[in-house]
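A.B. asks: how would this look folded up:
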Amino acid sequence: MRLEFIAVFTLGALLSPDWLAAETPAAPKLELAPCRISDMRGLVSVTARCGKFSVPEDSEDPDGRRIELAVAVVPAIATRAKPDPLFLLAGGPGQGAIEGFVPHLDEFAGIHRERDLVMVDQRGTGGSNRLDCDMPDDAWESDEISPAELRKLAQECLVKLPGRPAFYTTSIAVRDLDAVRTALGYERINLFGGSYGTRVALHYARRYPERTRTITIDSIVPPALPLVPLIAIEAQRALERVFARCAADAECNELFPTLADQFARVDARLRRGPVTVALPDPVNGEISSIKVTRNHLIMMTRMLSYSARTASLLPLLIHEAASRGNYGPLAAQALMVGKDLERMIAMGMHHSVVCSEDAPRFDGSVKRAELERSYIGPVMVDGMTALCEIWPRGAVDSDFHEPLHSTVPALLLSGEFDPATPPDYGAMAAAGFEQHLHLVIPGQGHGQTGLPCVQRLLRDFIERGTVDGLSAACVGDIKPAPFFLTFSGTAP
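C.D. replies: Residues are numbered from 1 along each chain as shown. The predicted structure is shown next:
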C-alpha cells in the first residue's frame, strides 16, 4: 500500500493573503552536506545532500523562537542539471517528505536524470520540529474513545508539544517552502504533491505563481472541501465498487457471491462485542491474544481500499471472517496498517491542519443520515469535532478555500476507485487551470506514481513544461489488480 498518500482530512482572525504573500526577508544560503536519507523503517536509503533551515515559528515575531526545517536534495544525475528542480510534497497531513518519498524515488527516476529532487519536511513533521501526540493514531476515528476522553487526550498532548500548534498550518508552510527555494538558489520549481500534499502544492501555486513552473497533483484534496465528513461517504462508495467488481469477475463471484451480506454480518457481530483471536508475531513467532473490535474492521477495510493491490484482498478477508469465523487475517492487516500510520503521521501537526482548515466548515457539509448509512458512520466527524474543541486554530489565508485560478501548466491524477479523493475532486481542481490535463486512472485507488505509464507521463510533462502534445494513450491499458482467491494468491 502506498501509505505516503494516505489522506484525510485563529489565533483569532484569519490572516490576509497580502500578509502571507509578502516578500520573504533575504535568507542566508542553505548549506548542504553529504548524507544518507532513509525510509521510516530504515530499510531503504539513498545518498543525498542535507541541511537544516532556520525559520521563525511565528512569522510575525522574527526575533522570537525559531525552528529548523529538515531539507534533503537528491542531486540530478546529469553533470549539467536543469535549473528547475522537482519539489516533492508529502501527504497526511502529518507525514514527513523525506521518509515518505525515499522508498519511491525510483518512480521519479526519469525526472531525476536531469533535475534535482528536493524534499522539505513540512514544519511539524519528520525532522522539522515534529509535533506528535501520545494517543492512538486512530483515536479520533474510534468509537471506543468518548468525546470527553478525546478532549482530555488532546489537552494532555498540547502540554507536551515542542511547539505552538497554531503556527503549523498550510498557509504558513508554503512560506517556509518558498524560503527554502530562495535559500537553495532555485528561480522556479516544479511541484509534485500527493494527497494532502496536493493542498500544499495548490496553495503554493496560488501564493507564488511566478515561482511555479509546473504542478502535478495526485489524489487531489481541493481546499474548497472540508474532507473529514466526506471520508466515510467516499469509503462506502469504494467498498461498494469492490463488491461490484467481484460480482463482475466470474472466479471472484463464484467463491464470494454474497460479499455485501457477509460484510454486514461481520459488522453486526463486532458491534455486539470483540472476538478474541491468537496471532503469531511476524518477527519472533510468539503467539499473543488479540481482541478484534469493529475498529479493526473499519481500519482494515478503509486502508486496504486505498490501493488496487491491497483492495484485491478484501473479498477473501471478509469471507474468512463471515463464513469461517476466522478473524485473524482481518486483525493482522488492521494492526500492520495501524502501526505504519502511527510511525508515519505526526498527529499534532495533523490536528493543527484539520482543526484550522477543515473543522470550522464541518457543519452542513454532509447530512448525518448519509454518514449513518456508511460502514464508518459519523464517528470520524464526531471525534475530530471533539478534539478540535480543545485544539488551537491557526493562521489560514482568507482566500485559502477559494477556487484556484491559475495559468501554471497542471497535470492532475485521480484513481477511478480512490476511497478518499475520488475523480470528482480532481475535476473540481482542474476547472481552475487554464492549461491542464486531468487523467482518471482505470481501476486504481489512492496514488498513481507507482505505475510505469504515469511515470513516463510525469517525466514528459515536466520536460515539456506543458500538457500540449502529451500522449496519455498508455492509461487505457491499465487494469486493476486481480482478486486474491486464496491466501496463496490470485488465479493462475
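
A.B. asks: residue 104 touches residue 449, doesn't it?
C.D. replies: Yes: using C-beta atoms under 8 Å, residue 104 is in contact with residue 449, at 6.8 Å. Every C-beta, even on glycine, is put in place using the N, C-alpha and C of the backbone.

A.B. asks: ok, those two, which is more surrounded?
C.D. replies: Using other C-beta atoms under 10 Å as the criterion, residue 104 and residue 449 rank with residue 449 on top: 23 against 18.

A.B. asks: the residue nearest to that one when sequence neighbours are not counted and residue 458: what is the separation?
C.D. replies: Leaving aside its sequence neighbours, residue 449 sits nearest to residue 107 (C-beta to C-beta, 6 or more residues apart in numbering; 4.5 Å). Taking C-beta to C-beta, to the nearest Å as the measure, residue 107 falls 8 Å from residue 458.

A.B. asks: so what sits against both of the two?
C.D. replies: residue 449 (C-beta atoms under 8 Å, 6 or more residues apart in numbering).

A.B. asks: who's more crowded, these two?
C.D. replies: residue 458 (24 against 21).

A.B. asks: helix or strand: which one has the more buried one?
C.D. replies: Assigned by DSSP states H and E, residue 458 belongs to helix 452-464.

A.B. asks: centre of the chain to that helix, how far?
C.D. replies: Here the centre of helix 452-464 is set off from its chain's centre by 21 Å, with C-alpha atoms, centre = their mean, to the nearest Å.

A.B. asks: check which helices and strands it sits against.
C.D. replies: For helix 452-464, the packing partners by 3 or more C-beta pairs under 8 Å, 6 or more residues apart in numbering; DSSP states H and E come out as helix 109-112, strand 212-218, strand 410-415, strand 436-441.

A.B. asks: go with 6 Å
C.D. replies: helix 109-112 (3 or more C-beta pairs under 6 Å, 6 or more residues apart in numbering; DSSP states H and E).

A.B. asks: please identify the buried residues of the helix it packs on?
C.D. replies: 110, 111, 112 (16 or more other C-beta atoms under 10 Å).

A.B. asks: in the helix holding residue 458, which residues are buried?
C.D. replies: Buried-residue list, helix 452-464, by 16+ other C-beta under 10 Å: 453, 454, 455, 457, 458, 459, 460, 461, 462.

A.B. asks: what's the closest of those to residue 199?
C.D. replies: residue 458 (19.2 Å; C-beta to C-beta).

A.B. asks: quick check: chain neighbours aside, which residue is closest to that closest one?
C.D. replies: Nearest non-adjacent residue to residue 458 (C-beta to C-beta, 6+ apart): residue 216, at 5.9 Å.

A.B. asks: cool, and residue 326?
C.D. replies: For residue 326, the closest residue by C-beta to C-beta, 6+ apart turns out to be residue 320, at 4.2 Å.

A.B. asks: how far away is the one you found from residue 226?
C.D. replies: Taking C-beta to C-beta, one finds residue 320 at 36 Å from residue 226.

A.B. asks: again, but for residue 346
C.D. replies: Going from residue 346 to residue 226 by C-beta to C-beta gives 21 Å.

A.B. asks: which of those two has more neighbours?
C.D. replies: Summary of the neighbour comparison: residue 346 and residue 226, criterion other C-beta under 10 Å, with residue 346 having more neighbours (25 against 21).

A.B. asks: could you point out the longest helix of the chain?
C.D. replies: helix 228-248 (DSSP state H).
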